[in-house]
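Trainee: show me how the following folds:
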Amino acid sequence: MDVCVIEGDGIGREVVPAAVSVLKTLFPNVNIHHAEAGWDTFQKHGVSLPQATIDCAKSIKSVLFGACSSPSYAVDGYFSPIVRLRRELQAYANLRPSRYLPVPTARPGVDMLVVRENTEDLYVGLETSEDSGDRVVAQKVITRQATERVSRLAYELAVSSGRRRVTIVTKANVLPQSDGLFRRVAYDMATHYPELKVDDLLVDTAAYWMVKEPTRFDIVLAPNLYGDILSDMAAAWSGGLGLAPSLNLGDGVAVAEPVHGSAPDIAGKGIANPTATMLSVAMLIRHHWNLPREAQMLEDAVRGVLEEGMHTADVVTDGYITTQDFTHRVCAKLDS
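Mentor: Numbers count the residues shown, from 1 in each chain. Sure thing, here's the model as predicted:
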């Protein structure tokens, strides 16, 4: 069992080692292969995702990727390393569960999964600047092939996990060619799964219902941009981004990735929440290594610590515990 581990920037260097400790408790013989990516890597080497990191990920096929810092302005030669790695590995589906956790801000009854196409849409990065920068055009790419494979994965997940409803989300009324293609192909693929109830919503309507009544959703299937935004919204109902895991899946490859950012304001203070990273590892164990018992053990251990009221500073303002203490408590439950 091997994992390519990329800590990234900021609190990635704290929460990823915490998750590795938990993984080693479950699997003492796991082999950790360290690689680098992110803003600090760009500043050191002039590239945010070195070829050596790509080679490590492609060779091992199991990746744990921490949060990376990205400037919100154009920097010559810089690109998002996680977006590039997803494309390099053809990790074409992003799975983002939002499930009730025992923390003060979570909502009981919420249990949804956002399945997001991961390689296309506006995230292809095809932007052109015209009129001396006064006009910029971004290209949105949707293809039948990519929509078919992510739709098939969403429906297969629904069947295998006992879920019965998939909601397709687009803005096909405004974008009838691109989003219209996604909607049509997703419905075409649904004909192979008659046991499922498949419906669709416009993205603004889906956002409304995700705020008003999130328990109405089971699986949400969406193109890249809408899936990214809606899954962050959904994370609020499970306690916030510090508790939100994700897994990027392709054919024989997987990248476990916490949803939160690098949080440079708290980096190095030992108070970052490792829950999202640990639960991302659980998803890797369940969906890539096909070890549901061990995945459930890890999920139960994390939930058990939260049920005891042991929270990090992003969840409670008083009486919080450190990243290291939280990690030790999860490891102790796995050892017991």
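
Trainee: quick check: pLDDT value at the residue most central in space within the chain.
Mentor: The residue lying closest to the centre of the chain (C-alpha atoms, centre = their mean) is Ser246, at 2.7 Å. Looking at Ser246, its pLDDT is 95.

Trainee: given the worst-scoring helix or strand of the chain on mean pLDDT, what are its sheet partners and their directions?
Mentor: Least confident helix or strand of the chain, by mean pLDDT, DSSP states H and E, is strand 127-130 with a mean of 86. Strand 127-130 pairs in its sheet with strand 135-138 (antiparallel), by DSSP bridges.

Trainee: if we can go back for a sec, tell me which residues touch the nearest residue to the residue nearest to the centre of the chain once chain neighbours are set aside, please.
Mentor: Nearest residue to Ser246, sequence neighbours excluded (C-beta to C-beta, 6 or more residues apart in numbering): Arg96, at 4.8 Å. Just so you know, the C-beta spots here come from the backbone N, C-alpha and C atoms, and that holds for glycine as well. When contacts are counted by C-beta atoms under 8 Å, 6 or more residues apart in numbering, Arg96 touches 113-116, 227, 231, 234-235, 244-246, 259.

Trainee: try 10 Å this time
Mentor: Arg96 makes contact with 112-116, 220, 227-228, 230-232, 234-235, 244-247, 257, 259, 283, according to C-beta atoms under 10 Å, 6 or more residues apart in numbering.

Trainee: repeat that for Pro214.
Mentor: 98, 107, 109-112, 233-234, 236-238.

Trainee: now the residue nearest to Ser246: how far from Phe217?
Mentor: 12 Å (C-beta to C-beta, to the nearest Å).

Trainee: need the residues touching each of the two.
Mentor: With C-beta under 10 Å, 6+ apart as the test, Arg96 and Phe217 both reach 112-114, 230, 234.

Trainee: name the member of those residues with the most neighbours.
Mentor: Val114 (29 neighbours; other C-beta atoms under 10 Å).

Trainee: so Ser48 touches Ile54, yeah?
Mentor: No: the criterion here is C-beta atoms under 10 Å, and Ser48 misses it with Ile54 at 11.4 Å.

Trainee: what residues do those two have in common as contacts?
Mentor: By C-beta under 10 Å, 6+ apart, the residues touching both Ser48 and Ile54 are 37, 81, 84-85.

Trainee: next, format the residues you listed as JSON lines and append pLDDT, secondary structure and distance to Thr312.
Mentor: What follows is those, written out as JSON lines (pLDDT from 0 to 100; DSSP: H, G, I helix; E, B strand; the rest coil; distance: C-beta to C-beta, whole Å):
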{"residue": "Ala37", "pLDDT": "94", "secondary structure": "coil", "distance to Thr312": "25"}
{"residue": "Pro81", "pLDDT": "92", "secondary structure": "helix", "distance to Thr312": "26"}
{"residue": "Arg84", "pLDDT": "90", "secondary structure": "helix", "distance to Thr312": "30"}
{"residue": "Leu85", "pLDDT": "93", "secondary structure": "helix", "distance to Thr312": "27"}
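
Trainee: mind putting those in TSV, neighbour count and distance to Leu157 included?
Mentor: Below are those laid out as TSV (neighbours: other C-beta atoms under 10 Å; distance: C-beta to C-beta, whole Å):
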residue	neighbour count	distance to Leu157
Ala37	27	28
Pro81	27	27
Arg84	17	25
Leu85	24	22
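
Trainee: now those residues in JSON lines, with distance to Gln145?
Mentor: As requested, these are exported to JSON lines (distance: C-beta to C-beta, whole Å):
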{"residue": "Ala37", "distance to Gln145": "27"}
{"residue": "Pro81", "distance to Gln145": "25"}
{"residue": "Arg84", "distance to Gln145": "20"}
{"residue": "Leu85", "distance to Gln145": "20"}
